[in-house]
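**Q** The sequence and its predicted three-dimensional model are supplied below.
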Amino acid sequence: MIGLSTAAEVRAAEVRAAEDVLLARTREGALMRRAATGLATVCLRRLGRAHGVRVTVLVGGGNNGGDALFAGAHLAARGARVTAVLLDPGRAHPAGLAALRRAGGRVTGPEGPDGLDRADLVLDGIVGIGGRGGLRPAAAALAERAATGPGLTVAVDVPSGVDADTGAVEGAAFPVLHTVTFGAVKPGLVVGDGRGYAGTVHLVDIGLGPHLAPPRAHQLTDADVAAHLQPPEPGDDKYSRGVVGVVAGSATYPGAAVLCTGAALRTRAGLVRYAGTAGDGVRAAWPEAIVTDGRPADAGRVQAWVAGPGMGTDDDARSVLAEVLATDLPVVVDADALTMAAREPALVRGRDAPTVLTPHDREFERFGVPVDADRVGSARRLAAELGAVVLLKGDATVVAAPDGTAYVNATGTSELATAGTGDVLAGILGALLATGTPAAETAAAAAHLHGRTGQLAAERGPLIAGDLVRRLPETVGRVREPGTGGLRDSEA
Ligand SMILES: NC(=O)C1=CN([C@@H]2O[C@H](COP(=O)(O)OP(=O)(O)OC[C@H]3O[C@@H](n4cnc5c(N)ncnc54)[C@H](O)[C@@H]3O)[C@@H](O)[C@H]2O)[C@@H](O)CC1
Ligand SMILES: Nc1ncnc2c1ncn2[C@@H]1O[C@H](COP(=O)(O)OP(=O)(O)O)[C@@H](O)[C@H]1O
Ligand SMILES: [K+]
């Protein structure tokens, strides 16, 4: 599991680590030197060589600029032609500046050198976790010029202008291909608009680990999700593996029921029971499912319910949803069930068993809570208000529990933006919840598996929701054995 630490958490750890470093009589500034060495190493690995490479280092007035200057000095010492552009020459990190000059680097004022946009590498050290709001005009103008070139762009710690905690971008910011971040991955690099600005994230260990507070937000890896996908053991039978109940679809929309039931079957369930008015469609597609045309109570015993996709929002649908929510079982509330729950939040509030709501932005806002630029914060607010786990869909799906524990999904592809893929996610989630694992992490595991399946299906071109159902078993197999399937975890 990758911890996501806020700027305040990282600063507190830096203070504790610096005290430790001093006690150990290591040189002052050791953390910055470790950061700069890691940064230069990533750049050298990406460039493949240093000699003669043209490097532009954008340097702000804080320690972020210091990191960039020391990294520039490393590159200059290896033969790179380094020019540092000082946005605020009076406040540039003195030791970093001296190191760069000693290594043969050039220094200019904020106007920058001619050919700024022709550099092979641009290092963005304008502002890191000390940044507030979008870039100020001088920084924004420089970033815009530097970003137009064809070279490699690398952000130091955080792309300048991106809020490290939330991923919000309020105004100008510097989009980069790579971000080299120090001590801990910050949430803003993997969620919201910041995710798009940060490119590939590389984490450099500067020794903060023992000093960091336990993070409240996380990213799952294949290895974490594998624990949710273990194969049956010799003593297992179809009931012991978790029975999933699905209430979805309707005579008008049988497809949602077929996709949701299929996804539950293909994920890991021992048995899937379906109750509803799309029974004929489900029987035809999935002879393995046990189907009743009656009410949820007629379906037989289950360990978790999935309610909502295509079920409609009329009085009958409402009473079916209420029946499922009145049980003491975990319930996934998706699609039409979200519309009904938003109209009548009392349906989900105060349940003892876990409830997982799976809205996209428009469904989320029906609960009267806006989705703002801080997507994790938005999901946390709704989760706390309803006492339910909220899975907010998007290109980086977010999961939040009522106690504030959160997850940001690392997998997926924009090819998933097609009808019915949400029905598949609901089925996957039901199958995993039926095993009784904690709801928030289970929801994050479902989003991870769904995204991985999308990536796999998209390797062959555009996908439709049914492709996800078909590729689920193969994805489960690959995730169970990380490293053998050719699907890489993020470099973070
Ligand atoms: N504190 C430590 O022990 C360590 C800090 N490190 C680095 O230090 C950084 C934090 O340094 P600082 O606290 O000095 O802060 P930063 O360097 O991130 O930001 C402060 C500077 O940015 C300017 N600034 C703020 N908002 C701006 C905006 N919207 N537009 C333009 N300029 C803006 C400020 O005027 C100031 O000059 C980290 O991101 C990391 O790169 C690393 O060296 C590791 C060790
Ligand atoms: N641009 C995107 N990038 C990555 N994933 C996406 C994107 N757009 C949608 N998705 C994912 O696709 C799924 C769509 O779900 P949803 O909107 O409920 O679809 P439907 O109701 O048609 O089944 C969600 O899991 C969402 O995270
Ligand atoms: K930066």
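**A** Looks like it arrived, so ask away. Ligands and ions are numbered 1, 2, ... in the order given.

**Q** how about the helices of the stretch 301-450 of the chain, start to end?
**A** Taking DSSP state H, counting those that start in this stretch as the test, the helices found in the stretch 301-450 of the chain are 315-325, 335-343, 361-365, 375-386, 421-433, 439-458.

**Q** could you turn the fifth one into CSV, dropping everything but the C-alphas?
**A** What follows is the C-alpha trace of helix 421-433 in CSV, where atoms were taken according to Å, rounded to 0.1, in the frame of the first residue of the first chain:
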residue,chain,number,x,y,z
THR,A,421,-18.7,0.0,-17.3
GLY,A,422,-20.2,1.3,-14.0
ASP,A,423,-22.6,-1.7,-13.9
VAL,A,424,-19.5,-3.9,-14.1
LEU,A,425,-17.8,-2.1,-11.3
ALA,A,426,-20.9,-2.6,-9.1
GLY,A,427,-20.8,-6.4,-9.8
ILE,A,428,-17.1,-6.6,-9.0
LEU,A,429,-17.6,-4.7,-5.8
GLY,A,430,-20.6,-6.9,-4.7
ALA,A,431,-18.5,-10.1,-5.3
LEU,A,432,-15.6,-8.7,-3.1
LEU,A,433,-17.9,-7.4,-0.4
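
**Q** can you state the direction angle for it and helix 335-343?
**A** 80 degrees (axes from the mean of the first three to the mean of the last three CA atoms, to 10 degrees).

**Q** tell me what helix 421-433 is packed against?
**A** Packed against helix 421-433 by the contact rule (3 or more CB pairs under 8 Å, 6 or more residues apart in numbering; DSSP states H and E) you find strand 243-247, helix 254-267, strand 304-307, strand 331-333, helix 335-343, helix 439-458, helix 465-480. The way it works is simple: take the backbone N, C-alpha and C, and place the C-beta from them, glycine included.

**Q** name the element the residue in the stretch 201-350 of the chain that ligand 3 sits nearest to belongs to?
**A** Relative to ligand 3, the nearest point of the stretch 201-350 of the chain is Val201 (12.9 Å; CB to the ion). Val201 belongs to strand 200-204 when elements are defined using DSSP states H and E.

**Q** now swap in Val154 and tell me
**A** Going by DSSP H and E, Val154 is part of strand 152-156.

**Q** what inclination does the strand holding Val201 have with respect to strand 152-156?
**A** With the same axes, to 10 degrees as the basis, strand 200-204 and strand 152-156 are set at 50 degrees to each other.

**Q** Offset the numbering so it begins at 360, please.
**A** Fine by me, first position is 360 from now on; the one you just mentioned is strand 559-563.

**Q** Kindly export strand 559-563 (C-alpha atoms) in PDB.
**A** Only the C-alpha atoms of strand 559-563 are listed here, as PDB (Å, rounded to 0.1, in the frame of the first residue of the first chain):
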ATOM      1  CA  THR A 559       4.700   9.600 -14.000                       C
ATOM      2  CA  VAL A 560       5.500   9.900 -10.300                       C
ATOM      3  CA  HIS A 561       8.800   8.700  -8.900                       C
ATOM      4  CA  LEU A 562       9.300   8.500  -5.200                       C
ATOM      5  CA  VAL A 563      12.700   9.300  -3.700                       C
END
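
**Q** what does that strand contact?
**A** By CB atoms under 8 Å, 6 or more residues apart in numbering, the residues outside strand 559-563 that reach it are 361, 393-394, 397-398, 401, 536-544, 548-549, 849-851.
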